[in-house]
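**Q** Sharing a model prediction with you, sequence too.
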Number of protein chains: 2
Amino acid sequence: MRQAGRYLPEYRAIREGRTLLDLCRTPELACEVAMQPLRRFDLDAAILFSDLLVPVSALGIDFDIVEKRGPVLARPLRRKEDVTALPSPDLGAVSYVFDAVKALLAALAAERRAVPVLGFAGAPFTMASYLIEGEPSRHFQRTKLLMHAEPEIWALLLDKLSDLVVGYVREQVAAGAQAVQIFDSWAGCLTPADYRRHVLAPTRKIFTAIARLNVPSIHFASSGESLLPAMAEAGGDVLSVDWRIPLSRVRERFPERAVQGNLDPSALMAPAPVLERLAAEVLDEAGGRPGHIFNLGHGIQPEASIDNVARLVETVHARTRRG
Amino acid sequence: MRQAGRYLPEYRAIREGRTLLDLCRTPELACEVAMQPLRRFDLDAAILFSDLLVPVSALGIDFDIVEKRGPVLARPLRRKEDVTALPSPDLGAVSYVFDAVKALLAALAAERRAVPVLGFAGAPFTMASYLIEGEPSRHFQRTKLLMHAEPEIWALLLDKLSDLVVGYVREQVAAGAQAVQIFDSWAGCLTPADYRRHVLAPTRKIFTAIARLNVPSIHFASSGESLLPAMAEAGGDVLSVDWRIPLSRVRERFPERAVQGNLDPSALMAPAPVLERLAAEVLDEAGGRPGHIFNLGHGIQPEASIDNVARLVETVHARTRRG
């Protein structure tokens, strides 16, 4: 999960007068905000600062990220021609992302922080839903309409997005990213049957490509337990789930995978003893075995208490390092 | 699920110049819009037309339902005093609901439709989240903050809401409702541990009370599979789930319960053959055994095609009645 954010005053300072995309598109700024949480907390990884929609610039798609709303497209993809007209990806158009990865590696070396850099990208369903809806959506009606009514156009779009993501993460790894997270933030709106029919294959394509790059992959599934088997089938060395699925269930059903997660981000607004209890429950659920990356179950919220973040990092390290 | 709605022109006509609450608070209008879908489709039940927030008027809480936004409170409940100051429920303040049930029974008799009337209410968590947030919420931060930081105030609030709901459904049954649905639309934002700690007991209180009324209860859980065991423990003769949990999983895990659901409402915008396939999948998942109430997995959307609704009712009846 993104570690940078509005809960940090130094992040708010750097955002002053700048948009989120300004940060994403300026490697020094993206690097700086990625470093900020590492200077405050004893975190075990650095996360590329970017946005899921950023790579669509490589397809010539214009978008904006509107404050408190999310990504908005001037011309959402809705018709067959919108999809067939998409050009081959020009990754040079988003080279600032790969430069941000390099800058982050350099900054970590300069500040003597020996932690890996995690790159990331959106999974095809989540990317497609943004492109089709054109704005944040609750019901993903247009997305599902295209999927149901025009399955061939749908398949073509997801295939193009897979190819984009494969190239995009390959460049992140070439720039030095040591692991890659693939976020399928919205696939949870699908039935398992629809996921298998319309989403699994193009998603698997990405994980197969990442495996060839010899870096670990993390598959973030913001979905219920029922969809998890299909998502796991698509790939991911690590299954990352939100707080609504106990990690013990993931361990039980996928004993061969590592797990990531899954503290409810609201815990960071709770009184300290409650936070500690909730964090302990996550660790207990993971069973105290290796192969657990402790994380929030979703992005950190602007209202998170900095003291609580510090306390959480300490609590987790105290428990996991003492063995 | 509510059968009335904006997908019907006759509903839009009656809403012209009236608010949703106008309909809820005028028994003849609530009855009329509840009857509308029954006149078009061969439905097997009539659903009371109301809103989850309606009963809080019995606690003297003022709210509005804002178009395209949802329930909004002038004075959300946030402090201890807000909760302790809540009066005992005055169900006379919402007698229009019970009158709407009676009117609906009379209209069904007059139009010779021998179908049961289903009443409903919100579960304590969902009601509390509306009252605390004061507006529709994505993350339920304030709700979880009160739950974590002030567990005693939280418990008091949920207990008061349980008592309200118990009285409210008792009056619906006294007015003639033949089954009661309890909607926990938002409990899915909780971890199973938090649900058990903070929500299960007050929710169970309601199902225990309904059992004493000798009418069947339906527990709607808009949650992932992981939370379902705890919600089932709270009660419900019928477990109603959304489309993200295959009914076969509910059958498998709770063989003694009936199930309700769970077609993705987006299917009603799909081409007819896709709709028919998706409906068949739901029936297949339910295993062709008794104890399945076919339903949408969530509320019907304004964009639903009327032809598709008719086709769906026919498809389901053709399959389930032929045996």
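**A** Here it is on my side, so go on.
**Q** Close to chain B: what parts of the stretch 1-150 of chain A are there?
**A** A:139-141, A:144-145, A:148-149 (Cβ under 8 Å from any Cβ of the partner chain). From N, CA and C alone the C-beta is placed, and that goes for glycine too.
**Q** Using CSV, write out every CA atom in the longest helix along chain A.
**A** Longest among the helix segments of chain A by residue count, using DSSP state H, is helix A:151-174. Provided in CSV are the C-alpha atoms of helix A:151-174 (Å, rounded to 0.1, in the frame of the first residue of the first chain):
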residue,chain,number,x,y,z
PRO,A,151,-17.3,-9.7,-25.0
GLU,A,152,-14.9,-9.5,-27.9
ILE,A,153,-14.3,-5.8,-27.6
TRP,A,154,-13.9,-6.4,-23.9
ALA,A,155,-11.3,-9.1,-24.4
LEU,A,156,-9.4,-6.9,-26.9
LEU,A,157,-9.3,-4.1,-24.4
LEU,A,158,-8.1,-6.3,-21.6
ASP,A,159,-5.5,-7.8,-23.8
LYS,A,160,-4.2,-4.4,-24.8
LEU,A,161,-4.1,-3.4,-21.1
SER,A,162,-2.3,-6.6,-20.2
ASP,A,163,0.4,-5.8,-22.8
LEU,A,164,0.7,-2.3,-21.5
VAL,A,165,1.1,-3.5,-18.0
VAL,A,166,3.6,-6.2,-18.9
GLY,A,167,5.8,-3.6,-20.6
TYR,A,168,5.3,-1.1,-17.9
VAL,A,169,6.4,-3.5,-15.1
ARG,A,170,9.2,-4.8,-17.2
GLU,A,171,10.6,-1.2,-17.3
GLN,A,172,10.1,-0.8,-13.6
VAL,A,173,12.1,-3.9,-12.9
ALA,A,174,14.7,-2.8,-15.5
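**Q** what does the average pLDDT come to for the helix or strand just after it?
**A** Per DSSP states H and E, the first helix or strand lying C-terminal to helix A:151-174 is strand A:179-184. Mean pLDDT, strand A:179-184: 98.
**Q** what's the answer for stretch A:35-52, then?
**A** On average, stretch A:35-52 scores 97.
**Q** first to last residue in it, what's the distance?
**A** 19 Å (Cα to Cα, to the nearest Å).
**Q** Break down chain A into its helices, ranges please.
**A** A:9-15, A:20-24, A:27-40, A:80-84, A:95-110, A:124-133, A:141-149, A:151-174, A:192-198, A:200-212, A:228-234, A:247-253, A:272-286, A:306-321.
**Q** Give me the contact list for the fifth one.
**A** Just to be clear, that refers to helix A:95-110. A:24-28, A:30-32, A:34-35, A:38, A:46, A:48-50, A:54-55, A:114-115, A:117, A:119, A:168, A:171-172, A:174-177 (Cβ atoms under 8 Å, 6 or more residues apart in numbering or on different chains).
**Q** What of the fourth one?
**A** The contact list for helix A:80-84, computed with Cβ under 8 Å, 6+ apart, reads A:75-77, A:150, A:153, A:156-157, A:160.
**Q** So which of the helices of chain A is nearest residue B:63?
**A** helix A:141-149 (27.4 Å; Cβ to Cβ).
**Q** which strands and helices sit next to that closest one?
**A** Applying 3 or more Cβ pairs under 8 Å, 6 or more residues apart in numbering or on different chains; DSSP states H and E, we find helix A:141-149 packed against helix A:124-133, helix A:151-174, helix A:192-198.
**Q** Could you tell me the angle between that helix and helix B:272-286?
**A** Orientation of helix A:141-149 against helix B:272-286 (axes from the mean of the first three to the mean of the last three Cα atoms, to 10 degrees) gives an angle of 90 degrees.
**Q** related to what we said a few turns ago, quick one: closest of the helices and strands packed on helix A:141-149 to residue A:274.
**A** helix A:124-133 (31.5 Å).
**Q** which residues does whichever residue of the stretch 201-323 of chain A sits closest to chain B contact?
**A** Closest residue of the stretch 201-323 of chain A to chain B, Cβ to the nearest Cβ: residue A:224 (2.6 Å). Contacts for residue A:224 (Cβ under 8 Å, 6+ apart) come out as A:188, A:244-245, B:223-226, B:244-245.
**Q** Okay, it and residue B:133: tell me how far apart.
**A** Distance, residue A:224 to residue B:133, using Cβ to Cβ, to the nearest Å: 23 Å.
**Q** what bridges to the residue nearest to the spatial centre of chain A?
**A** With the centre of chain A defined as its mean C-alpha position, the nearest residue by Cα atoms, centre = their mean is residue A:183, 4.0 Å away. Here residue A:183 sits in beta bridges with residue A:122, residue A:220, as judged by DSSP bridges.
**Q** so it makes contact with residue A:123?
**A** Yes: in this structure, residue A:183 is within contact of residue A:123 by Cβ atoms under 8 Å, at 6.3 Å.
**Q** that older thread, kindly provide the distance from the residue nearest to the centre of chain A to residue A:2.
**A** 10 Å.
**Q** Same question for residue A:141.
**A** On the measure of Cβ to Cβ, residue A:141 and residue A:2 end up 28 Å apart.
**Q** what do you get for residue A:33?
**A** 9 Å.
**Q** which of the contacts of helix A:95-110 count as buried?
**A** A:24-27, A:30-32, A:34-35, A:38, A:46, A:48-50, A:54-55, A:117, A:119, A:168, A:171-172, A:175-177 (16 or more other Cβ atoms under 10 Å in any protein chain shown).
**Q** circling back: least trustworthy position among the contacts of residue A:224, going by pLDDT?
**A** For the contacts of residue A:224, the pLDDT minimum is residue B:223, 87.
**Q** just to revisit the earlier point, just name the most buried of the helices and strands packed on helix A:141-149.
**A** Most buried of these, by mean neighbour count (mean count of other Cβ atoms under 10 Å in any protein chain shown): helix A:124-133, with a mean of 26.
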